[in-house]
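Chemist: pasting a predicted model and its sequence here:
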There are 2 protein chains.
Amino acid sequence: MKNTNSKILDCTIRDGGLVNNWDFSVEFVRDLYYSLSEAGVEYMEIGYKNSPKLLKGGDAGPWRFLDEAFLREVIPTKTDTKLSALVDIGRVDENDILPREQSMLDLIRVACYIKDVDKGLELVEKFHNLGYETTINIMALSHALENELNDALQEIGNSNVDVVYVVDSYGSMNPKDVTYMTEKFKRALPNKTLGIHTHNNMQLAFANTIAGIDAGVEFLDSSVYGMGRAAGNCTTELLLGYLKNPKYEVRPVLGFLEKHMVAMREKWEWGYNIPYMLGGMLNEHPRSAMALRAGGDKDKYVEYYDRLTTPETAFGSGKSE
Amino acid sequence: MKNTNSKILDCTIRDGGLVNNWDFSVEFVRDLYYSLSEAGVEYMEIGYKNSPKLLKGGDAGPWRFLDEAFLREVIPTKTDTKLSALVDIGRVDENDILPREQSMLDLIRVACYIKDVDKGLELVEKFHNLGYETTINIMALSHALENELNDALQEIGNSNVDVVYVVDSYGSMNPKDVTYMTEKFKRALPNKTLGIHTHNNMQLAFANTIAGIDAGVEFLDSSVYGMGRAAGNCTTELLLGYLKNPKYEVRPVLGFLEKHMVAMREKWEWGYNIPYMLGGMLNEHPRSAMALRAGGDKDKYVEYYDRLTTPETAFGSGKSE
């Protein structure tokens, strides 16, 4: 069965930037864009469109605070591969956003926690009115109460958003969870396109994406070599090999992997390891595992597990985060 | 739904030995045995019962040529965790095998290619008559012709073997393939218990094992931190976290990971990388990818891909291997 409805959205720069504080050279990003174009990838998320006025971290490089003039230098000639940016609630200055016909960007994605869906949809409407394609990505779905989610889906159904994402922020879902959640979204949002964003804490990012495809999801997030926060994402190369659509070619991405990702992987850590696995298993934000991996106790697994599973000492699992 | 029929068979020593030429200390193997026992794991495959007379590699350490007297030193007191050994067709001297009541071993597993199923079953009968539990593991199932497989399953159905394995030697199967294959095995072998052995070339080893469980497989192969040939196996720690059975505990295995596997992983390579991924995607024996990773061209992905996909230069994909 052909996967002609599937669209790959590569978020190596955006989610991978959470690994290396957006330390990507212009050459890296440019090579990625043209490699993905050759491979047939439909979208590349080139960073965050946050405002440096509203978010600390001005040292994080241009990919966290995308600027149109800079983008034109990075991508001198656009291909069929569309460009996307993510915005966070409360961190975007709407005055920074040009109408789509003057912008390098095609798609703006709004990420929010379930309690902020109303704020998220307000942003979506603004971007929609400026001519952009839009998505809403409800993070930390595995911590949402069912009634909260039902309310949120109803609000979303009444909005102009184009694509609604199932987001497994903590890498805690398995293929059956994805099937269940996708079917729930489909019932609540019969007129919306669905997307999926997975994390690899339990080595299920690719399998969960396949489960999403089988349940009717069309927008598939991935990153090259899985580069993304903590355990990382579904890999772009695996999707290119799996999807049955003659336009996809894995070979251009292999060239990019060889030229750029070997060195990147030597310098920075992401992917499956025991603290991230435990975070997925226990449905926890990866914050504490990332802090552990950055320190001298990075391989003290038992102590970390005991902290996570002892109610008096558990940390970093606030429902709203 | 509880997984009370599932049994974990940890093959860290046996399959992991294909990574480090069986360079495991007695302390490593002993600690693994008692950690797995505490975790509730039912079987530990402690190596190969090949004969040094029939196979070169006498420098590979005792785990490739298991000896009963040595095993008694390694495991002074047996727990509820049973011990297993794998034998290869043509490499086992039957005179080396004691009757089960005099042996440390409980289970002998016979691995063979489909063309040797008759030879495999001959061995199975001998071990069965000596009192052992037995399995037959047909390797490289993804290279078997359907009519060959049908014949083999019929022969197996008429034998005394206890467990029949679905083996994804090349890491080329996805969850749907596993479901299809398991259902085929179940139809052909209604009176046999089924097992599954997966490889992680496409990051699907755990997901494929879950698909197997859902389709009725009971024996689940895994290894700690996935240590196994090339891309490795389904990880034992993920299974312990996933299976709903109150007897399983992940914590003892975390202690083992911390004490032994961090250093092992620094010294030896296994797990997902691009050449192994390509092997899975293209349904190839990992031989050529392992050779590539051992040499100076280990990250020349495009050249390797071109060799694998150009008929005149393809290598290492003999159907019978």
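Modeler: Structure's in. What do you need?
Chemist: so what's the residue in the stretch 201-321 of chain A that chain B sits nearest to up against?
Modeler: Here the stretch 201-321 of chain A gets closest to chain B at one residue, residue A:207, 3.1 Å apart by Cβ to the nearest Cβ. (C-beta placed from N, C-alpha, C; glycine too.) Residues in contact with residue A:207 (Cβ atoms under 8 Å, 6 or more residues apart in numbering or on different chains) are A:174, A:175, B:174, B:175, B:203, B:204, B:206, B:207, B:210.
Chemist: recalculate using a threshold of 10 Å.
Modeler: Taking Cβ atoms under 10 Å, 6 or more residues apart in numbering or on different chains as the criterion, residue A:207 is in contact with A:174-175, A:178, A:198, A:200, A:234, B:174-175, B:202-208, B:210-211.
Chemist: quickly note the distance from it to residue A:289.
Modeler: 21 Å (Cβ to Cβ, to the nearest Å).
Chemist: now stretch A:220-227: mean pLDDT?
Modeler: Averaging pLDDT along stretch A:220-227 gives 98.
Chemist: tell me which element the residue lying closest to residue A:65 once chain neighbours are set aside is part of?
Modeler: Nearest residue to residue A:65, sequence neighbours excluded (Cβ to Cβ, 6 or more residues apart in numbering or on different chains): residue A:52, at 4.9 Å. Following DSSP states H and E, there is no helix or strand that holds residue A:52.
Chemist: counting neighbours, what do you get for residue A:52?
Modeler: 15 (other Cβ atoms under 10 Å in any protein chain shown).
Chemist: mind checking pLDDT for it?
Modeler: As summarised for this prediction, residue A:52 has a pLDDT of 81.
Chemist: swap in residue A:313?
Modeler: On pLDDT, residue A:313 comes in at 63.
Chemist: swap in the one 4 residues further on?
Modeler: Taken from the predicted model, the pLDDT recorded for residue A:317 is 46.
Chemist: could you do residue A:154 as well?
Modeler: Value for residue A:154, per-residue pLDDT: 97.
Chemist: residues near the closest residue to it other than its chain neighbours, how many?
Modeler: Using Cβ to Cβ, 6+ apart and skipping the chain neighbours, the partner closest in space to residue A:154 is residue A:188 (7.0 Å). Here the number of neighbours of residue A:188 (other Cβ under 10 Å) works out to 16.
Chemist: again, but for residue A:258
Modeler: Neighbours of residue A:258 under the rule other Cβ under 10 Å: 17.
Chemist: in three-state terms, label it for me.
Modeler: helix (DSSP: H, G, I helix; E, B strand; the rest coil).
Chemist: is residue A:108 bridged to anything, and to what?
Modeler: For residue A:108, the beta-bridge partners are residue A:85, residue A:134 (DSSP bridges).
Chemist: thought it was touching residue A:123?
Modeler: Yes - assessed by Cβ atoms under 10 Å, residue A:108 is found in contact with residue A:123 at 8.2 Å.
Chemist: overlap of the contact sets of these two?
Modeler: Common contacts of residue A:108 and residue A:123, defined by Cβ under 10 Å, 6+ apart, comprise A:87, A:92, A:97, A:134.
Chemist: so what's the residue of the stretch 1-150 of chain A at minimum distance from chain B up against?
Modeler: Nearest residue of the stretch 1-150 of chain A to chain B (Cβ to the nearest Cβ) works out as residue A:1 at 10.4 Å. Residues near residue A:1 by Cβ under 10 Å, 6+ apart: A:214, A:244.
Chemist: report the separation between it and residue B:292.
Modeler: Distance from residue A:1 to residue B:292, by Cβ to Cβ: 33 Å.
Chemist: where does the prediction get shaky in the stretch 51-200 of chain A?
Modeler: A:57-60 (pLDDT under 70).
Chemist: ok, 90 please
Modeler: Applying pLDDT under 90 to the stretch 51-200 of chain A flags the ranges A:51-62, A:64-66, A:90-96.
Chemist: and residue A:262, how many neighbours?
Modeler: 15.
Chemist: with adjacent residues omitted, what lies nearest to it?
Modeler: Among residues not flanking residue A:262 along the chain, residue B:299 sits closest, at 4.8 Å (Cβ to Cβ, 6+ apart).
Chemist: pLDDT wise, what is that neighbour at?
Modeler: 97.
Chemist: which parts of the stretch 51-200 of chain A sit against chain B?
Modeler: Residues of the stretch 51-200 of chain A lying close to chain B by Cβ under 10 Å from any Cβ of the partner chain are A:174, A:175, A:176, A:200.
Chemist: next SSE downstream of whichever strand or helix holds the third one?
Modeler: I take that to be residue A:176. Take DSSP H and E as the rule and residue A:176 turns out to sit in helix A:175-188. Sequence order places strand A:193-197 as the next helix or strand after helix A:175-188, per DSSP H and E.
Chemist: for the helix or strand following that following strand, buried residues please.
Modeler: The C-terminal neighbour of strand A:193-197 among helices and strands, as given by DSSP H and E, is helix A:205-215. Buried residues in helix A:205-215, counted by 16 or more other Cβ atoms under 10 Å in any protein chain shown: A:205, A:206, A:207, A:208, A:209, A:210, A:211, A:212, A:213, A:215.
Chemist: in TSV: the residues you listed, plus distance to residue A:244 and pLDDT.
Modeler: Below are the buried residues of helix A:205-215 laid out as TSV (distance: Cβ to Cβ, whole Å; pLDDT from 0 to 100):
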residue	distance to residue A:244	pLDDT
A:205	20	98
A:206	15	98
A:207	17	98
A:208	19	98
A:209	14	98
A:210	12	98
A:211	16	98
A:212	16	98
A:213	10	98
A:215	17	97
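Chemist: how about the shared contacts of residue A:108 and residue A:123, which pair is most distant?
Modeler: A:92 and A:134 (12.8 Å; Cβ to Cβ).
Chemist: overlap in contacts, these two.
Modeler: Counting by Cβ under 10 Å, 6+ apart, the shared contacts of residue A:92 and residue A:134 are A:108, A:110, A:123, A:126, A:127.
Chemist: can you redo these as CSV with secondary structure?
Modeler: Listed next are the shared contacts of residue A:92 and residue A:134 as CSV, based on three-state DSSP:
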residue, secondary structure
A:108, strand
A:110, strand
A:123, helix
A:126, helix
A:127, helix
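Chemist: okay, the residues you listed in TSV with distance to residue A:79 and neighbour count next?
Modeler: Formatted as TSV, the shared contacts of residue A:92 and residue A:134 follow (distance: Cβ to Cβ, whole Å; neighbours: other Cβ atoms under 10 Å in any protein chain shown):
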residue	distance to residue A:79	neighbour count
A:108	19	24
A:110	25	26
A:123	28	23
A:126	27	16
A:127	23	26
